[in-house]
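Colleague: Sequence first, then the predicted structure:
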Amino acid sequence: MNSIRIAWLYPDLMSTYGDRGNVIVLQQRCVWRGIHVQVTPVTLETPVRELEQCNLIFMGGAQDRQQKLAGEDFLKRKGPVVKKMIEHGTPALFVCAAYQFVGAYYKPYQGEPIPGAGIWDLYTVHPGDQAKRCIGNTVAEIITPAELSGTIIVGFENHGGRTHLGPKMQPLAKVIKGYGNNGEDGYEGATYKNTIGCYFHGPLLPKNPKIADWLISKVVGTLAPLDDSLEHSANNILR
Amino acid sequence: MLRDNTDMDLIDRLVVILSKFVSFVSTTFHLGAGATWPGEIALTLRPHIAASLAKEFQKGVILVVGTNGKTTTSLMLKTILEHVGDVVIHNATGANLLNGVVSSFIRHADFLGRITADVGIFEVDENSLPIVLRYMKPSRIVVLNLFRDQLDRYGEVDVIIEKWEKAFAALPKETQVIINADDPGVAYLGKSVPGTVIYFGVQDKTKFLNVAEHATDSTFCPKCGNRLRYDGIYFSHLGLWTCPACGYTRPVPSVSAWPNPLPGLYNQYNTLAAVAVAGSLSVRDTDIAHALKSFKPAFGRQEEIVMDGRTVKIFLSKNPAGFNASLRTVIEQRGQYFLFALNDRIPDGRDVSWIWDVDFETLPKSVRVTVSGDRVYDMALRLKYAGVDTKRMDIEPNLMMAVTDALARVPKGQTLYVLPTYSAMLDIREILTGKKIL
């Protein structure tokens, strides 16, 4: 297959921290290689069949109110479809709020747990309004997927919730600098089949192009190399 | 709580005199931050001093809030009021927390602890507004807009709106609030104000965007949460909006037309805001027109510096909405030579993710670009993915070198457009003028 159709979930609701950067990078790296690429914005009003025609999925971070709006639609309509696609091997990237959201639930410091889409085996707990938010530049070394093992990834995290992985999940990376999933076990992000999720928010892929290429390769196979010297420079200064 | 009698008493005056003395000593001997120290001292000794100091102004205190445009709006208003003979005090750059506002009071007080000015115009930081309002009741508040900005520091737009809503509901009836009707989240705040609300907004179909920008924050109904319908968008989420679900709609602005003394639609909003406030203070239209005719932009805001036959225009660009507005203006001016400088220091925000929300794709392919700043590679990468040819891009981490190189490439008689974040703007100004601002 030499054609990619990216489903960008809730671009108007779940796109707070420059999340669009991921879509731009996926798109451009296909264009530069002559791979036919199309981005399909999938939002509240978009019918599920549009989503089903895509072969790569991205979902980003959100403000609370926007996440609630997207939440209803995702839990009822788009979430079950995404789950089926992921089980069939569709590559996907979930950052920040989306990473929490594909899990089982989010437990705020007050009130009842908010159900997640249950696509991934993980849950998130907010430790209380006195707990420190995890904010700052981050560096980590990828563990899984095996093809990317040893790759140093950099980014920025800004989250209140602490995420814990269930037995079906593999951690994405080992934290070198920053808080990671929960500030305790030293891991950052998670992987499941051909999908990746992490707390490195917003534009994960520009400075970590190997993850972008890994996602693309899951659809089109082996990729021609690109000149990534600028990407490396941007990655290097944060190490 | 505020005391009932908030006129300055003898102790207040002594505290002002003392703080003034300490400030004098600290600036003379270069100890600590002169801009906020005196306020810090006075507030420690007399927590409610802001209220009594505010009462010293005969025509009251005007607070200016919003993500973008505070400095330009304040300066326009100051220009207008000074033109009609008022003595105006305006807070120093970077002093927009409560201690900074009080410091401005103290700096301008005489050595008997009195303020003899007519009006105080104070820019207030988004997070500090509720705190400032707890200690001081202004005569007017100008609410310009709210866009995503330094999320690691300010938090999310919705959270700020919620805090402001509570603070506005507790305002006295005498406080007038001047609000941008085109920003749905901000306009909604008008509903909580107990006193008079004056709306301003743009009424000009020719200024509608053809394609909506990506960086929008309040495109859902602030009242019922459904998606808003726009009959036209001016920029970001500013436009002619209405909620098809609950019927809540943009308030009709009473101030919507005034010649813009500066380029850029965003300055049209700043102008309308300043004109609306001046009107509420009974300044005549002819006086406003006369005052604004000679208006000079604030430092770093479309400021022009001529260097060796070349013009440098600086457009402070510190968040997606502001950056998009700058880009639109420089593209309209057919800019060919650019310097983008991205820093990630505290005043810029440590997180540079936001550059991916800026529509750099609108840059014409023919431009010559120099990139610099602490996060030079992040910016270069953004431009590469926006389609700027890396061969036409000069990447220079050292800001001094970048300014020199960028200028050298500009032919005489032409203009270098500089789009920096806040701290980069201060550094570039210092490089160009040899003078420090802060």
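Modeller: Done, it's in.

Colleague: in the sheet, who's paired with the closest residue to A:Leu9 other than its chain neighbours?
Modeller: With CB to CB, 6 or more residues apart in numbering or on different chains as the criterion, A:Leu9 has its nearest non-adjacent residue at 3.9 Å, and that residue is A:Met59. No exception for glycine: its C-beta is placed from N, CA and C like everyone else's. Counting by DSSP bridges, A:Met59 forms beta bridges with A:Leu9, A:Phe94.

Colleague: I'd guessed A:Met59 sits against A:Cys96; true?
Modeller: No. With contact defined as CB atoms under 8 Å, A:Met59 does not reach A:Cys96; the gap is 9.4 Å.

Colleague: Give the helix, strand or coil label for the residue nearest to B:Glu332 when sequence neighbours are not counted.
Modeller: With sequence-adjacent residues excluded and distances taken as CB to CB, 6+ apart, B:Glu332 is closest to B:Pro263, at 7.3 Å. With DSSP: H, G, I helix; E, B strand; the rest coil as the basis, B:Pro263 sits in coil.

Colleague: ok, B:Pro263 touching B:Gln333?
Modeller: Yes. Here B:Pro263 reaches B:Gln333: they are 6.7 Å apart, a contact under CB under 8 Å.

Colleague: Nearest the geometric middle of the chain, what residue?
Modeller: No chain specified, so I'll use chain A. A:Phe94 (2.0 Å; CA atoms, centre = their mean).

Colleague: You answered for a different chain; I wanted chain B.
Modeller: Judging by CA atoms, centre = their mean, chain B has its centre closest to B:Lys70, at 2.6 Å.

Colleague: Am I right that that one is in contact with B:Val64?
Modeller: Yes. Contact criterion CB under 8 Å: B:Lys70 and B:Val64 qualify, at 5.0 Å.

Colleague: can you tell me if the helix or strand of chain B with the lowest mean pLDDT touches chain A.
Modeller: Among the helices and strands of chain B, helix B:151-154 carries the lowest confidence by mean pLDDT, DSSP states H and E, at a mean of 72. Yes. Helix B:151-154 reaches chain A (CB under 8 Å from any CB of the partner chain) through B:151-152.

Colleague: what residue ranges in the chain score low on pLDDT?
Modeller: The chain I'm using is chain A. Residue ranges of chain A with pLDDT under 70: A:1.

Colleague: ah, no, chain B please
Modeller: For chain B (pLDDT under 70), the answer is B:1-6, B:29-35, B:92-94, B:435-438.

Colleague: Contact residues of it facing chain A?
Modeller: Residues of chain B found near chain A (CB under 8 Å from any CB) are B:148, B:151-152, B:156-159, B:214, B:216-217, B:219-220, B:225, B:227, B:350-357, B:375, B:377-378, B:380-382, B:384-386, B:390, B:395.

Colleague: Among the residues you listed, the buried ones, what's the PyMOL command?
Modeller: Typed into PyMOL, the line below selects the buried ones among the residues of chain B next to chain A, using 16 or more other CB atoms under 10 Å in any protein chain shown:
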select buried, chain B and resi 148+151+152+156+157+158+214+216+217+219+220+227+350+351+352+353+354+355+356+357+375+377+378+380+381+382+384+385+386+395
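
Colleague: what ranges do the strands span in chain B?
Modeller: B:61-65, B:88-90, B:119-123, B:140-143, B:176-180, B:197-200, B:229-235, B:238-242, B:301-307, B:310-315, B:337-341, B:368-372, B:393-395, B:415-420 (DSSP state E).

Colleague: which bits of chain A sit near chain B?
Modeller: So chain A meets chain B at A:11-12, A:15-21, A:24-25, A:28, A:44, A:63-66, A:68-69, A:135-137, A:156, A:158, A:201-203, A:206-207, A:230-231, A:233-234, A:237 (CB under 8 Å from any CB).

Colleague: check contacts around the one residue in the stretch 101-250 of chain B that gets nearest to chain A.
Modeller: For the stretch 101-250 of chain B, the residue closest to chain A is B:Glu156, as judged by CB to the nearest CB, at 4.3 Å. Residues near B:Glu156 by CB atoms under 8 Å, 6 or more residues apart in numbering or on different chains: A:16, A:63-64, B:148.

Colleague: Can you list which of those are found in strands?
Modeller: Among these, no member falls in strands (DSSP E).

Colleague: Looking at those residues, which two lie furthest apart in space?
Modeller: A:Asp64 and B:Arg148 (13.8 Å; CB to CB).

Colleague: mind listing the strands for chain A?
Modeller: Going by DSSP E, chain A shows strands at A:3-9, A:36-42, A:56-59, A:92-95, A:105-107, A:114-115, A:122-125, A:134-142, A:152-159, A:162-165, A:170-177, A:187-192, A:195-198.

Colleague: B:Glu56 is nearest to which of those?
Modeller: strand A:134-142 (39.9 Å).

Colleague: other SSEs contacting the closest one?
Modeller: strand A:152-159, strand A:170-177, strand A:187-192 (3 or more CB pairs under 8 Å, 6 or more residues apart in numbering or on different chains; DSSP states H and E).

Colleague: Can you list the buried residues in it?
Modeller: A:134-135, A:137-142.

Colleague: For those residues, which two are the farthest from each other?
Modeller: A:Ile135 and A:Ile142 (22.3 Å).

Colleague: And B:Pro263 and B:Gln333? Which one has more around it.
Modeller: Between B:Pro263 and B:Gln333, B:Pro263 has the larger neighbour count (other CB atoms under 10 Å in any protein chain shown), namely 17 against 13.

Colleague: any residues in contact with both of B:Lys70 and B:Val64?
Modeller: Common neighbours of B:Lys70 and B:Val64 (CB under 8 Å, 6+ apart) are B:123, B:144.
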